[in-house]
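Engineer: Kindly generate the corresponding structure for this input.
(one chain, ligands or ions: 1)
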Amino acid sequence: MTDNEFGRAFTTMIILLIVMTFGLAFLGNLMARDVDDKLDAEREVSIQQVVADRIAPAGEITIGEAPALAVAAVEDVVLPGDEVYNSSCAACHGAGVAGAPKVGDAAGWTDRIAQGIETLYANAINGFQGSAGIMPAKGGNASLSDGSVQAAVDYMLEQSQ
Ligand code: HEC
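Structural biologist: Purely as a prediction, here's the structure:
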């Protein structure tokens, strides 16, 4: 390789490298712009959200029947007996704690059933003090509707025949 040939090859290499450098810089720029655009769009959305949250009214006025309906729904809701039993009654009636008649123990329920179902419902809903211990109103869960407590009583009796 003569000096001349080397010089030409070297120059060509340098030029190629320079072209590549610009090419890469250009490509990089293109990509960065794409990402920037996306970030801007996201930022715009979250800023709008923040502003909307800040200027949202503190309360809402509902005109009409809605609140009354909501209250009625809570009072009327009747949960499945087994669900109520497990969440609010089983703590005492599951193992027969503190004088509570044990579910599944038929003998423990015969005399109680003899009083009539209405008495059992009433005693479960209002609570009562018997000779064996204290049955708290609704098992201590005041949020239960009367219907839910009755469903739990039905379930307990079914399991204790
Ligand atoms: C803190 C414990 C406790 C919880 C919780 C509890 N009970 Fe009782 N329950 C008792 C005790 C004690 C008695 C028996 C009282 C007695 O006869 O002296 C009883 C008695 C009863 C009786 C018999 C009533 C009667 O007239 O003989 C029924 C029915 C009853 N519970 C239903 C329920 C239902 C339904 C739940 C859940 C919603 C519940 N209990 C939750 C303690 C509990």
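Engineer: just for this structure, where's the confidence low?
Structural biologist: Within the chain, the ranges that satisfy pLDDT under 70 run 61-75.
Engineer: and the residue of it found nearest the ligand, backbone torsions?
Structural biologist: Closest residue of the chain to the ligand, CB to the nearest ligand atom: Gly130 (2.2 Å). Using the backbone N, CA and C atoms, a C-beta is placed for each residue, glycine as well. The phi/psi pair for Gly130 (degrees, to the nearest 10) reads phi -110, psi -170.
Engineer: The one 3 residues further on now?
Structural biologist: Phi and psi for Gly133, reported as degrees, to the nearest 10, are phi 170, psi -160.
Engineer: what's the nearest residue to it once chain neighbours are set aside in contact with, if anything?
Structural biologist: With sequence-adjacent residues excluded and distances taken as CB to CB, 6 or more residues apart in numbering, Gly133 is closest to Gly99, at 2.9 Å. For Gly99, the contacting residues are Gly130, Ala132, Gly133, Ile134, by CB atoms under 8 Å, 6 or more residues apart in numbering.
Engineer: which pair in the residues you listed spans the largest distance?
Structural biologist: Of all pairs drawn from the contacts of Gly99, the greatest distance, 9.0 Å, lies between Ala132 and Ile134 (CB to CB).
Engineer: How many neighbouring residues does Gly116 have?
Structural biologist: For Gly116, the count of nearby residues is 10 (other CB atoms under 10 Å).
Engineer: for Trp109, same thing?
Structural biologist: Neighbours around Trp109, by other CB under 10 Å: 19.
Engineer: Tell me which helix or strand it sits in.
Structural biologist: Trp109 belongs to helix 106-114 when elements are defined using DSSP states H and E.
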